[in-house]
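In: No letters, just coordinates:
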């Protein structure tokens, strides 16, 4: 470790002075730094300063931490702590900002965006380049360049003219003139006197530029009030026709503040309404049951093979509309249910030549589970899914339409936003539902938008979709988080905002993440089981009966047992849904049951067994009448034929004009032949009001049952990760140990030889005799050596070893880099170097 009494001269030295816990916090906050594991702390510092890594870290800062970094970007480099605080609090001071600043600065230090002691704070160079003002990229603070930067291309004579106009004495060179002018603009008293002497029009120009953008346009012959500002250096030309307000002037006009509004505290999530927890749980449970019924109905509708897969992937707009009509929901809601079933692994494409969507084998297993467990599987899949149904109907970056189940719907931020929104709801009192505006304001504070992202606030849209989808799925009820919803989150854990930091400490915890981290797979499985256990008593019990009515309808006053519902779906048509489902019996529905192999006596027995009311006489007559006519006509393959023992019926068919398209002709008094195929003939005669039955080549009646179509075994789609995963404790410990050992090997002093200098990355080079002699001497003296080593794959590395034994062409040594005893072939050692005596 570095000497803590000596200020660090670089980020690498600052990292070297950290303890293991601090390095672990850095790698946890910025997991991209550990992929792959750096060889030493110098490489870690270099990687922490790359543009991609710094941009990623800045995007994960909360608003106040980001404002602190923005203030450092317009401060001196390095800047003392007092200057930073003055930029954030202004001349008047702000106790809340002063109290929150140490935590924000600790966050920036922890994430290696800021280094140095309080008297010499430095923002990493890449972050300064991203946040500092420039003509191409204006600063978020609205400040312009300093006087020194703005006058860099100005002639020395012109600079002396400005100094003279402000009443300052002329200097012997331009550098001292700029320094004198900068000191004037930073002096509050002298600057106020200078501005007081300006005409009102000049002061209005400065007021328009003070909060940014600091650039303005002037003509070749500016007006007198603009000429006055140019003469005094209060506006500085940067290009023909363009002037800029120097940073020091703007800060004086702002009262020393870098930002118009500093937000040290997160906005509170305000409750919009409060309900009884029992009402919330009951409402959520009712919606959870509706969610299960909707997904079941969707997959039942696609049971024999769903819509075709588009060539580019996904569901066509027409098929989505058909699905929405079948589910009796709006198209965006239908897209949500389809994507949810796909995320849960319940449907997929079948992979056939004419590829279609269908239920998976996992769907059949899912149907056999208790209702609460089925809901938990859907909710767990929704929480982890990166596919976002709300994007359906939009356009991608190439202006291609985004379709349901198609490509381009993955958004890696979706799971984190869902967890965070639900965690904010869990932080409210039970039964309290938040206002949408306060939730969105809180999320924008936790992850403020920068640059072009402001036009596409994806996180806000994800949050709005999360609130709506959670209500549809039954995670929330009346806008408030339900009891089983809390369990699904593992809500016994405190969120970062709820963790006390000390007596009376009410401020946000800036040195901890302000987002809810998803549970591990094992923790999520436990949480889902707990949620299912809490939901189970709230779901209605399936019924084994219906109420038959004289108007040929049956009312199911609640959810039906699966066996009852399956038979009733064949025997009757669903007329309406809601708290109770209404079924209607029609000749077509009864014929459908007879085609499926049921007899009239079977149907009478079924209704008598499951009806709480007497079977109405009209229903009995309907079943008997359809059964009497069912199979009276027989159709087989000639191409197709019709036979009937009653030749009068065949005469009626031949006389009907609607039969012209079937091109029928009589072969015998009881047989007609057709040029249509048997299926078309069946449909045609049924459309004419007859009840024909298909028969086999042997003359037996064919029983037609729907054949369920299933895909081959499919796994649920994998979520698209949002960058490298957060490393666990084991990986962190091993990585830090390797980084420390590699840093020791690269920084340990070596004796003055012709070998490469430390830190150059070059391997030491010695011949075989020198290598062997040095190794044997080190075994006798117990000294450590620096070696270059090339492994079997050809990868070269530097190692710090303490040789224990040399024999048979191998050296056995304690490897300080790997922190273990290893054996190395001598022929793979490129060279050795002894360490300096003071090492």
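Out: Okay, I see it. Not measured: the values here are computed from a predicted model.

In: Give me the nearest residue to the residue positioned nearest the centre of the chain, chain neighbours excluded.
Out: Nearest to the mean C-alpha position of the chain, by CA atoms, centre = their mean, lies residue 413 at 1.7 Å. Leaving aside its sequence neighbours, residue 413 sits nearest to residue 722 (CB to CB, 6 or more residues apart in numbering; 5.8 Å). Yep, even glycine has a C-beta here, placed from its N, CA and C like the rest.

In: host element of the one you found?
Out: Counting by DSSP states H and E, no helix or strand carries residue 722.

In: Pretty sure it sits against residue 410.
Out: No: if you go by CB atoms under 8 Å, residue 722 and residue 410 don't touch, sitting 10.3 Å apart.

In: quick one: contacts of stretch 558-577?
Out: 289, 293, 300, 328, 367, 540-546, 553-554, 556, 579-586, 588-590, 592-593, 596, 598, 603, 606, 610 (CB atoms under 8 Å, 6 or more residues apart in numbering).

In: scratch that, stretch 226-236 is what I was asking about
Out: 147, 150-151, 154, 161-163, 165-166, 181, 194, 198-199, 202, 205-206, 216, 218, 222, 237, 243-246, 249.

In: And stretch 10-24, by the same measure?
Out: Residues outside stretch 10-24 that contact it (CB under 8 Å, 6+ apart): 1-2, 4, 8, 26, 41-42, 44-46, 48-49, 110, 112, 115-116, 124, 732-733, 736, 739-740, 743.

In: how about the residue nearest to residue 413, what does it touch?
Out: Counting by CB under 8 Å, 6+ apart, residue 722 touches 412, 413, 415, 416.

In: Filter the residues you listed down to the buried ones.
Out: Among these, those scoring as buried are 415, 416 (criterion: 16 or more other CB atoms under 10 Å).

In: Going by neighbour count, list what's buried in the helix or strand residue 58 falls within.
Out: Element membership for residue 58 (DSSP H and E) is helix 51-59. The neighbour-count check on helix 51-59 (16+ other CB under 10 Å) flags 53, 54, 56, 57, 58 as buried.

In: before we move on, what about stretch 376-395?
Out: 376-392.

In: Please apply the same query to stretch 660-667.
Out: For stretch 660-667, the neighbour count (16+ other CB under 10 Å) marks 662, 664 as buried.

In: before we move on, what about stretch 205-215?
Out: Taking 16+ other CB under 10 Å as the criterion, stretch 205-215 shows 205, 206, 209, 210, 211, 212, 214, 215 as buried.

In: hang on, the fifth one in a strand?
Out: No: the assignment for residue 211 is coil, going by DSSP: H, G, I helix; E, B strand; the rest coil, so no strand is present there.

In: hmm, back to that, let me know the pLDDT of the residue nearest to residue 413.
Out: The model reports residue 722 with a pLDDT of 76.

In: One more: the one 10 residues further on?
Out: In this model, residue 732 is scored at 86, pLDDT.

In: circling back: which helices and strands sit right next to the helix holding residue 58?
Out: Applying 3 or more CB pairs under 8 Å, 6 or more residues apart in numbering; DSSP states H and E, we find helix 51-59 packed against helix 125-131.

In: Now find how far off-centre the following helix or strand past the helix it packs on is within its chain.
Out: Next along the chain after helix 125-131, taking DSSP H and E as the criterion, comes helix 147-150. Relative to its chain's centre, helix 147-150 lies at 42 Å (CA atoms, centre = their mean, to the nearest Å).

In: outside of stretch 88-105, which residues touch it?
Out: 64-65, 67-68, 71, 81, 84-85, 114, 121, 188, 254-259, 262, 264-265, 507-511.

In: Number of residues surrounding residue 597?
Out: As a burial measure, residue 597 scores 12 neighbours (other CB atoms under 10 Å).

In: go on, residue 350?
Out: Look at residue 350: counted by other CB under 10 Å, it has 21 neighbours.

In: Quick check: nearest residue in space to it, chain neighbours excluded?
Out: In space, and not counting its chain neighbours, residue 350 is closest to residue 711: 4.4 Å by CB to CB, 6+ apart.

In: ok, now which ones touch that neighbour?
Out: The contact partners of residue 711, by CB under 8 Å, 6+ apart, come to 347, 348, 349, 350, 351, 358, 359, 360, 361.

In: could you flag which of those are buried?
Out: Buried among the contacts of residue 711 by 16+ other CB under 10 Å: 347, 348, 349, 350, 358, 359, 360.

In: after the strand or helix carrying residue 339, next one along is what?
Out: Per DSSP H and E: residue 339 is located in helix 331-343. Next helix or strand after helix 331-343 toward the C-terminus (DSSP H and E): strand 347-349.

In: neighbouring contacts of that next one?
Out: The contact list for strand 347-349 (CB under 8 Å, 6+ apart) reads 298-299, 302, 306, 309, 338, 341-342, 355-360, 363, 711, 714.

In: Mind doing that once more with 7 Å?
Out: Strand 347-349 is touched from outside by 299, 302, 309, 341-342, 355, 357-360, 363, 711, 714, with contacts defined as CB atoms under 7 Å, 6 or more residues apart in numbering.

In: can you give me the strands for the stretch 201-350 of the chain?
Out: Per DSSP state E, counting those that start in this stretch, the stretch 201-350 of the chain carries strands over the ranges 215-217, 236-239, 242-244, 271-274, 347-349.

In: Now tabulate those in CSV and tack on distance to residue 675 and mean pLDDT.
Out: Converted to CSV, the strands of the stretch 201-350 of the chain look like this (distance: least, CB to CB, whole Å; pLDDT from 0 to 100):
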stretch, distance to residue 675, mean pLDDT
strand 215-217, 83, 89
strand 236-239, 85, 88
strand 242-244, 85, 90
strand 271-274, 68, 92
strand 347-349, 37, 91
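
In: Provide a list of residue ranges in the stretch 101-250 of the chain with pLDDT below threshold.
Out: Along the stretch 101-250 of the chain, segments meeting pLDDT under 70 span 136.

In: quick one: the helices in it?
Out: 125-131, 147-150, 156-165, 174-186, 188-196, 200-209, 224-231, 247-253 (DSSP state H, counting those that start in this stretch).

In: looking at the ones you listed, which is buried most?
Out: For those, the largest average neighbour count (mean count of other CB atoms under 10 Å) is found in helix 247-253, namely a mean of 23.

In: low-scoring stretches of the stretch 501-650 of the chain, by residue?
Out: For the stretch 501-650 of the chain, applying pLDDT under 70 flags the ranges 501-518, 632-638.

In: As a check, name the ranges of all strands in it.
Out: All strands of the stretch 501-650 of the chain, identified by DSSP E, counting those that start in this stretch, fall at 547-549, 553-556, 573-576, 581-584, 634-636, 640-643.

In: Mind putting those strands into CSV with mean neighbour count and distance to residue 438?
Out: CSV is the format used below for the strands of the stretch 501-650 of the chain (neighbours: other CB atoms under 10 Å; distance: least, CB to CB, whole Å):
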stretch, mean neighbour count, distance to residue 438
strand 547-549, 17, 46
strand 553-556, 19, 41
strand 573-576, 13, 39
strand 581-584, 19, 39
strand 634-636, 21, 67
strand 640-643, 22, 69
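
In: now those strands in CSV, with distance to residue 175?
Out: Formatted as CSV, the strands of the stretch 501-650 of the chain follow (distance: least, CB to CB, whole Å):
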stretch, distance to residue 175
strand 547-549, 96
strand 553-556, 90
strand 573-576, 86
strand 581-584, 87
strand 634-636, 104
strand 640-643, 103
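
In: For residue 695, find the nearest of those.
Out: Among those, the nearest to residue 695 by CB to CB is strand 634-636 (4.7 Å).

In: What residues of the helix or strand harbouring residue 21 count as buried?
Out: According to DSSP H and E, residue 21 maps onto helix 20-29. The neighbour-count check on helix 20-29 (16+ other CB under 10 Å) flags 23, 24, 25, 26, 27, 28, 29 as buried.

In: Can I take it that residue 832 is in a strand?
Out: Yes: with three-state DSSP as the criterion, residue 832 is part of a strand.
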